[in-house]
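Kindly generate the corresponding structure for this input.
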Amino acid sequence: MKKRIGLVAIIATMVVVLAACGGGNNNTVASPSASPESSSVEASPTASNVSATEDAEVKAEDGAALKIWVDKTERTFIESVLPDFKSQYGVDVTIEEVNIPNQAEKLETDGPAKLAADILMLPHDKLSKLVMANLLLPNDIFEEATKESSLETAITASSYDGILYGYPETIETFALFYNKDIVKEVPKTWEEVFTFAETFNNPGNKKYTIAWLHNLYFNSMFIRPYGGYIFGKDGTDGSDIGLNNDGAIEGLNYYKSINKIFPIKTTDMTYDIQSELFTTGKLAMTIDGPWSIGAYKGKVNFGIAPLPDLPGGKKTLSLAGVRSFYVNSYTAYPNAAKLLAHFLISKESALKDFELANIIPANKEANEDPRIKNDPVLSGIVEQFKNSTPTPSIPEMNNVWGPTDAAFASIWNNNEDIKATMDKAVQSIKDINSSTAAK
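Presented below is the predicted three-dimensional model:
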């Protein structure tokens with residue numbers, strides 16, 4: 001994920017329907033809607049005799065050879081670890097470069113045609129649609145090991161309907177970026193942000209204390225700490241919208257108060273303007289994510305810290321994204337593919353991925369390694385991730401962005417009544433949901 005000019009491009013329309021937990025060649029569960037030649041475990045020539053509940057050593061199928069889709073940013077990392085994988089398991093792996101945003105769509109066409117890679121990388125918001133289409137195998141054999149080694153939020157994001165499918169690779173969320181040459185003591189509370197503003201803020205000279213993009217992805221940090229929520233049941237119930245409950249209104253009242261130190265209309269604060277202000281020293285702090293680290297490096301002396309606490313000692317909660325490896329259900333070598341996916345998320349692989357691709361690993365032990373824990377830039381995002389939850393990926397999420405963008409603009413720019421504005425936004429979301437369902 002790169003620039004967050006608009007989050008609609010990040011949260012694709014997800015189809016959330018209870019689906020069978022596997023596709024063509026799953027070695028433990030056969031999908032009733034799978035392709036004819038793989039309609040049962042017994043009929044599959046590549047089905048493994050190793051159960052997910054057995055502790056027997058997993059072995060690659062005889063003659064196994066794999067293909068993996070890799071984003072160009074991760075190619076160097078993948079190439080660096082494949083020789084070790086072959087040495088350990090005797091399996092050759094071919095790399096095909098496919099950008100991460102394109103892999104899900106490509107799997108939909110190439111998977112059933114038996115042209116897709118055995119292993120691919122996906123952001124968590126793509127999961128439900130592919131599971132419904134029986135295009136991914138569950139992470140069954142290594143389920144317990146993956147849960148033990150990965151951050152809990154990453155496991156949640158890589159699961160659908162209680163079943164783990166992914167092998168979590170990397171995490172991301174937003175945090176507080178600050179200019180070290182300006183901010184000598186990082187604020188730990190929003191009250192401290194206001195105190196800093198008293199000596200720095202000067203809108204007439206285009207000097208601002210803090211800025212962020214006014215969409216739900218970021219503004220959820222004010223809604224959720226006081227009991228507001230986007231969707232109920234941990235983001236899975238599209239019929240239960242909590243954007244206008246008492247907790248949400250309380251948080252948005254505080255959000256509205258920040259306008260006095262950030263008096264720029266929501267429509268005037270684009271990602272490019274925010275970046276320019278930050279890199280030229282006109283903006284002391286910004287709320288951003290790891291996707292911007294490369295753009296800021298070399299232009300500004302910055303650090304990253306967890307988000308400041310809200311009044312009442314409330315932790316400021318962020319939304320998170322998780323990218324994981326997944327196994328194509330049409331793979332001819334499910335055991336070998338699962339071995340590779342598991343191999344790629346080990347502590348050793350995760351640290352190499354960090355060194356070569358600057359990713360923040362989902363592996364718990366890797367996150368505690370001094371190289372990451374003491375990293376002056378990434379450690380702040382790692383800390384904030386502990387107070388984050390995955391962005392909902394159900395289909396109704398696609399209907400939330402427009403109404404909430406309009407609501408935040410009314411509240412921030414026009415000082416509109418918060419409760420009435422959010423009631424209107426929620427009703428708009430419900431109307432869109434109903435219209436979509438009717439079709």
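
Enumerate every residue touching the closest residue to residue 176 other than its chain neighbours.
Spatial nearest neighbour of residue 176, chain neighbours left out: residue 305 (4.8 Å); criterion: C-beta to C-beta, 6 or more residues apart in numbering. Any C-beta I mention is one placed from the backbone N, CA and C, and that applies to glycine too. For residue 305, the contact set (C-beta atoms under 8 Å, 6 or more residues apart in numbering) comprises 175, 176, 178, 186, 380, 383.

Next one, pLDDT for residue 305 please.
Looking at residue 305, its pLDDT is 96.

How many residues are close by residue 152?
Residue 152 is flanked by 11 other residues according to other C-beta atoms under 10 Å.

so residue 66 sits in a helix?
No - applying DSSP: H, G, I helix; E, B strand; the rest coil, one finds residue 66 to be strand, outside a helix.

For it, give the beta-bridge partners.
residue 93 (DSSP bridges).

Next: residue 119.
Bridge pairing for residue 119 - DSSP bridges - gives residue 68, residue 327.

and it, how many residues sit next to it?
Neighbour tally, residue 119, other C-beta under 10 Å: 24.

List the contacts of it.
Per C-beta under 8 Å, 6+ apart, neighbours of residue 119: 66, 67, 68, 69, 325, 326, 327, 328, 337, 340, 341, 344.

What is the nearest of the residues you listed to residue 418?
residue 326 (40.8 Å; C-beta to C-beta).

That closest one and residue 111, how far apart?
Distance, residue 326 to residue 111, using C-beta to C-beta, to the nearest Å: 11 Å.

who has more neighbours, the two?
residue 326 (28 against 24).

ok, how many other residues are close to the closest residue to that one other than its chain neighbours?
Leaving aside its sequence neighbours, residue 326 sits nearest to residue 136 (C-beta to C-beta, 6+ apart; 5.0 Å). Residue 136 has 28 neighbours, counted by other C-beta under 10 Å.

again, but for the one 4 residues further on
The local packing of residue 140 (other C-beta under 10 Å) involves 23 other residues.

Give the helix, strand or coil label for it.
Residue 140 ends up coil, using three-state DSSP.

quick one: low-confidence parts of the stretch 251-400 of the chain?
Within the stretch 251-400 of the chain, no range satisfies pLDDT under 70.

next one: the stretch 51-200 of the chain
By pLDDT under 70, the low-scoring segments of the stretch 51-200 of the chain are 51-56.

That one: helices as residue ranges?
In the stretch 51-200 of the chain, the helices defined using DSSP state H, counting those that start in this stretch lie at 75-89, 100-110, 127-132, 143-149, 152-157, 190-200.

Now rank the contacts of residue 119 by neighbours and give me the top one.
In terms of neighbour count, residue 327 stands highest of those at 34 neighbours, by other C-beta under 10 Å.

Just to check, that one is in contact with residue 336?
No - checked against C-beta atoms under 8 Å, the pair residue 327 and residue 336 is beyond contact range at 9.7 Å.

list the contacts for residue 181?
Residue 181 is in contact with 281, 301, counting by C-beta under 8 Å, 6+ apart.

What about residue 365, how many residues nearby?
14.

Look up how far residue 207 lies from the residue nearest the centre of the chain.
By C-alpha atoms, centre = their mean, the chain has its centre lying nearest to residue 321, at 0.9 Å. In this structure, residue 321 and residue 207 are 32 Å apart, going by C-beta to C-beta.

Same check on residue 376?
On the measure of C-beta to C-beta, residue 376 and residue 207 end up 25 Å apart.
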